[in-house]
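In: Predicted model, plus sequence, below.
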Amino acid sequence: MRKFLCLIICLMTLAMMGCSGKQENIAKKTVTVHVAAAASLEKVFEQQLIPMFNKKHPEIKIQGVYDASGKLQSQIENGLNADIFISAANKQMQALDKKGYMDSESIKPLLQNKLVLIVPAKNDGSIKNFADLAKAKHPAVGDPASVPAGQYAKEALTSLGIWEQVQAKASLGTNVTQVLNWVGEGSADAGLVYATDAALIKDKVKIIAEAPAGSLKKPVIYPIGILKQATQAAAAKELANFLQTNEAMQIFENYGFARVK
């Protein structure tokens, strides 16, 4: 009888251990958070922030898609699998929120950037400020129809009264990274990008000037938000919270971004 009771107890113990193991496996199940982010965030995310986050949350994998914010907006509206959206301007975030794609309460200002004028590292010195962009033979800006940096460029150059002159001969990039590369390789003799982009290839381009005071009505803000139809909303919230910590902000600042004032 005692042997039988001992056998029953052992079996029950093994069963409980098995259930505990299953629960532990369920708890450690890997999920993937899909992030749609502005092209200017790719380097800092892939090189620093995603690896740092994965050390804290190995059960959460991050899959990033990086492009012009306007393109990402259109892709989200057309069914892009995304849990988090980080735009390089409020315009695209507000448009998605208005159409019901975003969890409105999750939207926060994440970062601040600056619009700057860049030229190839080796240049003749003829371009010294934003107004001189009208003199450039081959200027480059982001396409204002879809690229936030292009929208800011249009606003700044319009306030200076030279947008039409620049637009007539400008190459319009599909995202800010393309504009950066054109100037870096010398196919464009000047361009408007974010300060953080220029910092990525300091050996190939140099910053000549920041957008003149008053040329932009509002600062360059990058908002973050979780999509209403996010398939991994809880994990997405973990990532969004992490990106707003002092630890993450220090990394952003190392790449030239600034905290929102």
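Out: Alright, I've got the coordinates.

In: contacting residues around the residue nearest to residue 169 when sequence neighbours are not counted?
Out: Leaving aside its sequence neighbours, residue 169 sits nearest to residue 139 (C-beta to C-beta, 6 or more residues apart in numbering; 6.5 Å). Using the backbone N, CA and C atoms, a C-beta is placed for each residue, glycine as well. Residues in contact with residue 139 (C-beta atoms under 8 Å, 6 or more residues apart in numbering) are 133, 166, 169, 170, 171, 188, 189, 190, 191.

In: Got a PyMOL select line for the buried ones in those?
Out: For the buried members of the contacts of residue 139, the matching PyMOL selection, counting by 16 or more other C-beta atoms under 10 Å, is:
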select buried, resi 133+166+170+171+188+189+190+191
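
In: need the contacts of residue 139 in a markdown table with distance to residue 49, can you?
Out: Conversion of the contacts of residue 139 to a markdown table gives the following (distance: C-beta to C-beta, whole Å):
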| residue | distance to residue 49 |
| --- | --- |
| 133 | 33 |
| 166 | 34 |
| 169 | 38 |
| 170 | 33 |
| 171 | 31 |
| 188 | 30 |
| 189 | 34 |
| 190 | 31 |
| 191 | 26 |
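
In: With secondary structure and pLDDT added, can I get the contacts of residue 139 in TSV?
Out: Shown next, in TSV, are the contacts of residue 139 (DSSP: H, G, I helix; E, B strand; the rest coil; pLDDT from 0 to 100):
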residue	secondary structure	pLDDT
133	helix	94
166	helix	96
169	helix	96
170	coil	96
171	strand	96
188	coil	96
189	coil	94
190	strand	96
191	strand	97
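
In: from the contacts of residue 139, which is closest to residue 124?
Out: The shortest distance between residue 124 and any of the contacts of residue 139, using C-beta to C-beta, involves residue 189 and amounts to 8.7 Å.

In: Quick one: residues contacting the closest one.
Out: Counted by C-beta under 8 Å, 6+ apart, residue 189 has contacts 119, 120, 123, 127, 136, 137, 138, 139, 183.

In: Name the member of those that has the highest neighbour count.
Out: Neighbour count (other C-beta atoms under 10 Å) singles out residue 183 as the most crowded of the contacts of residue 189, with 31 neighbours.

In: Name the nearest residue to that one, sequence neighbours excluded.
Out: In this structure, residue 183 finds its nearest non-sequential neighbour in residue 191, 4.3 Å apart by C-beta to C-beta, 6+ apart.

In: Also residue 119?
Out: residue 190 (5.0 Å).

In: Hmm, that neighbour is touching residue 140, no?
Out: Yes - using C-beta atoms under 8 Å as the test, residue 190 is close enough to residue 140 to be in contact (7.3 Å).

In: between the two, what contacts are shared?
Out: In the contact map built from C-beta under 8 Å, 6+ apart, the residues linked to both residue 190 and residue 140 are residue 183.

In: The residue nearest to residue 169 and residue 112, how far apart?
Out: Shown here: residue 139 relative to residue 112, a distance of 25 Å by C-beta to C-beta, to the nearest Å.

In: Kindly report the same for residue 40.
Out: Taking C-beta to C-beta as the measure, residue 40 falls 12 Å from residue 112.

In: If you count surrounding residues, which of these two has more?
Out: Neighbours were tallied for residue 40 and for residue 112 using other C-beta under 10 Å; the higher tally belongs to residue 40 (30 against 15).

In: re the thing from before, from the contacts of residue 139, which is closest to residue 216?
Out: residue 133 (15.0 Å).

In: How many neighbouring residues does residue 56 have?
Out: 10.

In: actually residue 213, not the one I typed
Out: Applying other C-beta under 10 Å, we find 6 other residues in the vicinity of residue 213.

In: Tell me the secondary structure of it, please.
Out: Put simply, residue 213 is coil when judged by DSSP: H, G, I helix; E, B strand; the rest coil.
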